[in-house]
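>>> The following block contains a protein sequence and its predicted model.
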Amino acid sequence: MDVISVVSVTIDDEIKTDKINETDENNINNTEDTDEPHNGSPITKINLSSNGKYLVTYSKVDLSIICWNVENVNENQLKSEFSVKLSTVKLYKPATYMCVSDDKKLVYVETDVGIKIRDINDMTNNCQKIKLDCSLDHVDYCSFNLKGELILYSGGKILIYSMQTKDNLWKCKRICKKPTNANLLSISIYDKLYLYSNNSIYEWNLINEKSIKILDIDEEMKYIDRKLIRISSNENLACLRIKDKIIIYSFELEIPIASLDIKNDIQLCKLIKLPALYTPLLSLLSSNVSNSKFLDSVMKDCKGKYLSRPRQYNQSQKKSLPDNIVIANKYAYGILDGDVWKIDLEEIKSNLFKTPNINGKGVENSINLTNEEEMYFYNDVKINKETNEMHNHLYIPFLDLYMNIKHTIHELFEAAESNFDPNINQELNQKLIHLKICHASISEFISEFKLQVFKKKDGNVKSDLICTRNEKINLKDVIGIIGIKLINDGDIIILTEIGLLIYHFNESKKSISLNYFYYIRLRTKEVLPNYYKDVFSKHNLPLPNYDSFKLCDGWVSNIKDNKEILLKYGVELLLFAIKEHKVELIDEVYEKCINYFKEDLRNNKMFLSIITSTMPLLNKYYPEYILKYSLETTMIIDSPFYKIEHPNVNLHLYSFQYLKIVNLTQLILWTKYNILIRKLKVNHRIMHRILAFIQILIILPFLPIYFVTFHILYKYGFIDHTSDHGNFSFFYFYIIDHIGYIVRKFSKNNIPTITFMNSYIKFVTYPQNYNWFMELIKPQPSPFVETINRDIYKTWNGETLINFKWNAYGKYYYIIIWTGFMALLGCFTVAATIPQRYINEYFQKNLLVASIVLGFIHLSFEVRQFIYKPIKWFQDFWNIFDIMAFLLPICTSIYWLQTNDRNIHLLSFTCLFLDLKFLLFFRVFESFEDNFSFKDRTNNDDPNNPWNIAPTYQVYENGTINPNLYMIQPPDGNTNMFVDFKTAIFAMYLFLTGDSSVLSNWTYNNNPSLSIMIVLFSLLVVVYLMNLFIGLLNNAINKDNDRVSYLIQKAEILVEIELFYLLPYQRRWNTWFPEVIYYYANVDIAREKVKEMIREGEWNIDEFSEMKHNLLKNLNEKQIFVNSIIDLWKEAIINDESKQNYF
């Protein structure tokens, strides 16, 4: 077996090691050099700078830190940059965390002392100290990212500091706060936080604020030692090690793609040979990987020196990789026997990636398999079935990660440009593989070529045919082969006249699978450069186009039958099936997505996004699939078990994101203020108390304003909770805390609430690649924007979708739009209606100019809507009305200013359109429902019920009045004319003419509000009349007098806000447009909702049957309720056979 060497390290004797002895904070002196680093004491911690330039080591015994230059060093030599001696006069205070930047800034945290930062470049000042503008008393974690920014974690807050400052003061540029129920695992150099909460591991991106659930595990996290959870990640995937198990997660596919037992040498050898997995896996293979044949193959015969002193590695004493491995570009560093080993990655790669011959001297051949296992072969290496299947599945997610694939495609295009000679027959000899492609046959509409793979033997003279694939192309022309390449001993890249095809050869199964096809017509040499530049020069392979599915049925079949390819290219395939009206293919893709999700509820919910992403096209051609999906996936969860909580508030249909980290950048000024107050308290206690007393004197006279102001500041994150008596917000938080304590103590109304997942995955997200200028003119839509379907909003999924959007941004933008229109309405109305003798001419002209400016602003948004979809814009009458409402004040104001002619008719029509447009803003308010009837008497406490205000007569009998007997005049439409909108208008007309009889049925003593309204009517007639018009608007938006129409109307408003009022980057905010949304539901209401769906025949028990049976148990633990639900379901089937297709 080839030896994998671990490069020994010696100290450069010519390098000065400036050691700093911090015996006093203000007295830093250099100490004399020593022969060995850390005075020969064992090394307990190491860390590497973001780009691998510097390595820092720490000795817990010697209390010292040394920084090494590990960039561009000789094979057996490291350069020591400096040494820091921690405090020795004070009590024993070891360093808990340390990190170093690529420009030599050292950060370390001492227990009970705090964070310290040194500029190693400034050696003349004994490594000058660097201060933070938002300093922290306690730091739990520190790290540098790739941009050289310092990331600190303290007390649930993440602070990011920029080093691009002067005067050795780093300024805080951002603050985030994690949820209280989440614990930090690590922070990567790619600005990603890894947290665990509720038995799940999450990743939160600090840049785009996107939170994703990486893994759900069955074992309770609270019983797992944090040290046993380790994460190694790069830009494309994350490897999680939990005890002896490693899970590989793909960020592109957003699902776990593999898991392996770290003690399984076969799986380990197989997966670590994949280029994309090599670095992340190696950093996790440190401690607790002992007595492994894989480690024997890596560490056997490793000779050389440790960092500080030469010693022979004794394999009989310890069989383990170095602990705490950190990986740079060329080398890996780890702690072994209290010292640091420098491992050459290239030598390990050359051994692991070397293709062994049939006699087998490679790593894998040193491992024997049991006879009971079914054997497969990969490059003449025996592997078991499980490992073989895992390798085949991993090939797809890593297809884009193979850098040599991109390089090979470039070589194929370059070779074709220099020698463009398409041929129907091609052969390729490479290592042990011989490829042969030949034209097979051609029919009237189908062309076919044959791909054959041979295995060489006997000195490469004879070859055995291993497998053959016949590829049928739906073209009648002969297909010429332009070029062919074989990489990774299994990936076949073919450039043809119809595009690029990538096959994967599986020697174990003796099969060839088509894993990528992109159609382009390459009939001439001249088109090659343009196609390569426009299509294949980007970082990732382009998504398959429409023609690739249309021409190759084998490509369609491969996508359907492969889980990873389906998740990667399933959206494009389903769009193709819908456009081509292939109903069977639509059914297959739909069922596979549902089944994959049911196989692993925790981790496979992204398969549902294939269906939701194609809903705009389904809504156009096959809307029945939307109804089917809505009913099948209502009240589901991405977990085997439902979670029921008992909050003190009603959270019914409240939508939220799991593990939402709050951006508190606006809190920076408040943090600096708190730091100043704390310093004042420590250094000047008397002045601090005087300041607190003065603040109380200021607060008391303005107490209401004070509470309102601080409530708003706290709600929107401008201040946070503090208990400092000298802080100006102390009084507010003191009162709030005590009120909250009293409410919690005496509150007994705990409402049982169940959590559901909204099944519309990635339904509201927008494409991440966009052009800023084009987005302002014609923005790219999301599936939500293009799919306005009643079937979506029949279920709670649609309603909670609207609730989330409305609460996140909708209501705020709607208020802003409404306020802007009120400014236009106010400016023009004041200028047009107030007589000339009461208003200054100069002020009147300014109001008209303001009306023109505001009118053009509103008109610009209408123009953008017209440009977006002109035909749809004309189909909506209200768009024409909006144009008139904005054009009239503009034109009228310009005409008035130019001619000085106050045209009464023009002013009247302009005010009329503005008033009606103002009324349209009330359409977001839900209409009321009548709770009475004219036919049957209704008894309730509604003062507007006609039966309650109808005239009553007591019965006079035998000269006396019987108090228990009376007569009621039956009410009619005139009893309460405000019940119906048409009679309400007539009632207002009568009131305007002076006839107040319409209000005579109410007694003024019992209805003082009515009296007040009558008095104020003459002053506020316009506003009062507008409020009455709400009934008209409600009738207009509630055509069927149901909640679905109201939700659709609200969805259309949100669509308008998203496309034309939000900026392009705002539409990509994950906090506003998340991929997955969850919501709460009241258990009692959910129980009634299930009964209602069963009665309506909408409860599908066949799909997610186990989950729904579990839901019924959670809604009511009594089996009687479960049985009644089943009986209702059976009765619904019997009574309505037309709805049996849903079951």
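Structure received. Residues are numbered from 1 along each chain as shown.
>>> Just give the nearest non-adjacent residue to Pro179, would you?
What sits nearest to Pro179 in space, not counting adjacent residues and going by CB to CB, 6 or more residues apart in numbering, is Leu659, at 5.8 Å. C-beta here means a position set from N, CA and C on the backbone, and glycine is covered the same way.
>>> neighbours of the closest residue in space to Ile675 that isn't next to it in sequence, just the number please.
Distance criterion CB to CB, 6+ apart; nearest residue to Ile675, sequence neighbours excluded, is Ser135 at 6.0 Å. For Ser135, the neighbour count with other CB atoms under 10 Å is 18.
>>> Looks like Ser135 contacts Asn674 (just checking).
No. Look at Ser135 against Asn674 with CB atoms under 8 Å: they stay out of range, at 10.6 Å.
>>> just checking, the residue nearest to Pro179 touches Tyr196?
No. Assessed by CB under 8 Å, Leu659 is found out of contact with Tyr196, at 9.5 Å.
>>> any idea of the pLDDT on the residue nearest to Ile675?
Confidence at Ser135, expressed as pLDDT, is 78.
>>> Could I get the CA-only coordinates of whichever strand or helix holds Ala831 as CSV?
If you go by DSSP states H and E, Ala831 is part of helix 811-833. Presented in CSV, the C-alpha positions along helix 811-833 are these (Å, rounded to 0.1, in the frame of the first residue of the first chain):
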residue,chain,number,x,y,z
LYS,A,811,-50.7,46.3,5.6
TYR,A,812,-47.8,48.8,6.0
TYR,A,813,-47.5,49.4,2.3
TYR,A,814,-51.3,49.6,1.9
ILE,A,815,-51.4,52.3,4.6
ILE,A,816,-48.5,54.2,2.8
ILE,A,817,-50.4,54.0,-0.5
TRP,A,818,-53.6,55.1,1.1
THR,A,819,-51.9,58.0,2.9
GLY,A,820,-50.3,59.1,-0.4
PHE,A,821,-53.7,59.1,-2.1
MET,A,822,-55.2,61.0,0.8
ALA,A,823,-52.5,63.6,0.4
LEU,A,824,-53.6,64.0,-3.3
LEU,A,825,-57.2,64.0,-2.3
GLY,A,826,-56.6,66.6,0.4
CYS,A,827,-54.5,69.0,-1.7
PHE,A,828,-56.9,69.0,-4.6
THR,A,829,-60.1,69.1,-2.5
VAL,A,830,-58.8,72.1,-0.4
ALA,A,831,-57.7,74.0,-3.5
ALA,A,832,-61.0,73.3,-5.3
THR,A,833,-63.7,73.6,-2.7
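>>> How about it, which residues are buried there?
For helix 811-833, the neighbour count (16 or more other CB atoms under 10 Å) marks Tyr813, Tyr814, Ile817, Phe821, Ala823, Leu824, Leu825, Cys827, Phe828, Thr829, Ala831, Ala832 as buried.
>>> hmm, back to that, so the residue nearest to Ile675, which of the three states?
Assigned with DSSP: H, G, I helix; E, B strand; the rest coil, Ser135 falls in the coil class.
>>> and the residue nearest to Ile160 when sequence neighbours are not counted, what does it touch?
Excluding its sequence neighbours, the residue lying closest to Ile160 (CB to CB, 6+ apart) is Arg174, at 4.4 Å. Listed by CB atoms under 8 Å, 6 or more residues apart in numbering, the contact partners of Arg174 are Leu159, Ile160, Leu206, Asn663, Thr665.
>>> And Glu862, what's its pLDDT?
For Glu862, the model assigns a pLDDT of 92.
>>> hang on, it is in a helix, isn't it?
Yes. Assessed by three-state DSSP, Glu862 belongs to a helix.
>>> Thr892 versus that one, what's the distance?
Between Glu862 and Thr892 the computed distance is 17 Å (CB to CB, to the nearest Å).
>>> swap in Thr408?
Noted for Thr408: a distance of 68 Å to Thr892, by CB to CB.
>>> Who has more neighbours out of the two?
Comparing Thr408 with Thr892 by other CB under 10 Å, the one with more neighbours is Thr892, at 24 against 20.
>>> coming back round to it: just checking, the residue nearest to Pro179 is part of a helix?
No. Read with three-state DSSP, Leu659 is coil and lies in no helix.
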